[in-house]
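>>> Let's see this in three dimensions:
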Amino acid sequence: MSKVFISSVIGDFESFRQAAKQAVELTGHQTIMSEQFGARAYSSEIACTHEVEQSDIYILIMGERYGSKTPEDISVTHAEYQTALATNKPVLTFTHNIEMEPEQQAFRLEVENFQQGFNRAGFSTPEELKDEIIKALIQHDAMRQAAPQEDFKQRVETATKTMSNDYYDREPELALAFWPQPMQAIDIVSLESQLDRIFNQLCTTEMARMRDGYEVITGDDWTGLKTGKITYACFDDGLIILLANPLAKADGIFSGHFASPSILSQFAHGFWHLCNATSGYIHVELQNMDNTYVAEPPTGSSLSMRMTGKDDLGFSKLFLPMTQAVYDNWISQSLKRFERTFGYEPEGSW
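This next block holds a predicted model:
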């Protein structure tokens, strides 16, 4: 049983707080609310932040009003939220669909701009709030059973090698992986009948071209397709892997040494549409990058190549949940780090 702190204004918000309390108790957790504190030897503000520190999950419910303020000139709810961040609590946010006071609207923007995969949901009535909290807590409980990140990395490495046995080369490669958490059992035989749909999805997101067609490829525990510059596979535990050649399309003599940032972005952002769950691990990696740069190829007739360099670089993250905005933000940050690590400095710029 987890201890769940419910944070919001109190005045004129009682029906919503009661709905939140019911939702928490229906999912088998214990509520912590300021109404339960009783007499304390210290201020109510200190009591609230102390109880946030002792909780396991922090629920923030944002209504019209900002609420009473602390001596630091922020609302008590805002102070509770800051305490939840400082103590690394899971934050579940629920926003009333109503016009807000200016200070509350600014607080809302602060919460929404904090890109850490927090649950966010809107509501109009106490019943809607109750339903949204129940869904969020059920999802959170399931995610506590997520596999360790090291297991995910090992799973991706093993699966990628399995896919590459018949199609292996040493060209630069962009690897993208998604592993839903909790894991999903996939009927890969039935999935083979859906490869036309998956290929069409790849074409719609401009990761593949319809005129190229595709070749079906399979293994003992996976099925997939190969088309143009990419290989796609889905495994029987829900793992999805996309391998793509990121080299620039230019005809210049140096194009084979440059992984185009625009191509990387197209594949990495488009990969979102292949993920078939709202929570899970994502991995993005560049492989075989020795003597390859992340940049558009130069137009000159000479090129200074580095003799040694980092071959592989990858990043992994568990998304709870995986909203597109949070995913796109993380992918953009990862691509910038690729450019920094595998950057190209033209002659004369040193």
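
>>> in the stretch 1-150 of the chain, which spans are strands?
Taking DSSP state E, counting those that start in this stretch as the test, the strands found in the stretch 1-150 of the chain are 3-7, 30-32, 57-62, 91-96, 119-123.

>>> which residues touch the nearest residue to Leu202 once chain neighbours are set aside?
Distance criterion C-beta to C-beta, 6 or more residues apart in numbering; nearest residue to Leu202, sequence neighbours excluded, is Ala208 at 3.9 Å. C-beta here means a position set from N, CA and C on the backbone, and glycine is covered the same way. Taking C-beta atoms under 8 Å, 6 or more residues apart in numbering as the criterion, Ala208 is in contact with 199, 202, 214, 227-228, 230.

>>> same thing but 10 Å
198-202, 214, 225, 227-230, 232, 244, 270 (C-beta atoms under 10 Å, 6 or more residues apart in numbering).

>>> List the buried residues for the helix-or-strand element of the chain with minimal mean pLDDT?
Within the chain, no helix or strand scores below helix 44-54, which has a mean of 80 by mean pLDDT, DSSP states H and E. For helix 44-54, a neighbour-count test (16 or more other C-beta atoms under 10 Å) marks 45, 47-49, 51-52 as buried.

>>> Then stretch 210-224?
Residues 214, 217, 219, 222-224 are the ones in stretch 210-224 that count as buried (16+ other C-beta under 10 Å).

>>> Show me the protein divided up by domain.
3-143, 149-341 (automatic domain parsing).

>>> What is the end-to-end distance of the shortest one?
Distance between the boundary residues of domain 3-143 (C-alpha to C-alpha, to the nearest Å) amounts to 17 Å.

>>> Could you work out the most separated pair of the buried residues of stretch 210-224?
Greatest spatial distance in these: Tyr214 and Gly219, 16.3 Å, computed using C-beta to C-beta.

>>> so where is the stretch 51-200 of the chain shaky, pLDDT-wise?
By pLDDT under 70, the weakly predicted segments of the stretch 51-200 of the chain are 115-118, 165-169.

>>> Tell me which stretches of the stretch 201-350 of the chain form strands.
Using DSSP E, counting those that start in this stretch, the strands of the stretch 201-350 of the chain run over 215-218, 222-227, 230-235, 240-244, 258-259, 280-287, 293-294, 313-319.

>>> orientation of the third one relative to strand 222-227 in degrees?
For strand 230-235 against strand 222-227, the angle by axes from the mean of the first three to the mean of the last three C-alpha atoms, to 10 degrees is 170 degrees.

>>> do the fourth one as well
Counting by the same axes, to 10 degrees, strand 240-244 points 20 degrees away from the direction of strand 222-227.

>>> how much does strand 240-244 deviate in direction from strand 280-287?
Strand 240-244 and strand 280-287 meet at an angle of 20 degrees, taking the same axes, to 10 degrees as the criterion.

>>> And the helices in the protein?
Counting by DSSP state H, the chain has helices at residues 14-26, 44-54, 76-86, 102-112, 126-143, 149-164, 188-191, 195-204, 261-270, 324-341.

>>> packing partners for the last one?
What that stands for is helix 324-341. Applying 3 or more C-beta pairs under 10 Å, 6 or more residues apart in numbering; DSSP states H and E, one finds that helix 324-341 makes contact with strand 173-180, helix 261-270, strand 280-287, strand 293-294, strand 313-319.

>>> Could you list the buried residues of the last one?
Neighbour-count burial for strand 313-319, counted by 16+ other C-beta under 10 Å, picks out 313-314, 316-319.

>>> Looking at the contacts of Ala208, state which has the most neighbours.
For the contacts of Ala208, the largest number of neighbours (other C-beta atoms under 10 Å) sits with Tyr232, at 27 neighbours.

>>> how much space between that one and Gly219?
13 Å (C-beta to C-beta, to the nearest Å).

>>> which neighbours do those two share?
With C-beta under 10 Å, 6+ apart as the test, Tyr232 and Gly219 both reach Met163.

>>> Just list the residues touching Leu239, thanks.
Counting by C-beta under 10 Å, 6+ apart, Leu239 touches 152, 155-156, 158-159, 177-180, 183-184, 186, 221-222, 233, 280-281, 283.

>>> just to revisit the earlier point, against which helices or strands is the least confident helix or strand of the chain packed?
strand 3-7, strand 30-32, helix 76-86.

>>> Please convert these to a markdown table, extending it with distance to Leu264 and mean neighbour count.
Shown next, in a markdown table, are those (distance: least, C-beta to C-beta, whole Å; neighbours: other C-beta atoms under 10 Å):
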| stretch | distance to Leu264 | mean neighbour count |
| --- | --- | --- |
| strand 3-7 | 40 | 24 |
| strand 30-32 | 45 | 18 |
| helix 76-86 | 32 | 20 |
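
>>> Need the ones you listed in TSV (columns: distance to Met163).
Output for the helices and strands packed on helix 44-54, formatted as TSV (distance: least, C-beta to C-beta, whole Å):
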stretch	distance to Met163
strand 3-7	42
strand 30-32	46
helix 76-86	40
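
>>> out of these, which comes closest to Glu127?
strand 3-7 (16.5 Å).

>>> Next, the angle helix 126-143 makes with that closest one.
Put simply, strand 3-7 runs at 140 degrees to helix 126-143, going by the same axes, to 10 degrees.

>>> Quick check: mean pLDDT of strand 3-7?
The average pLDDT within strand 3-7 is 96.
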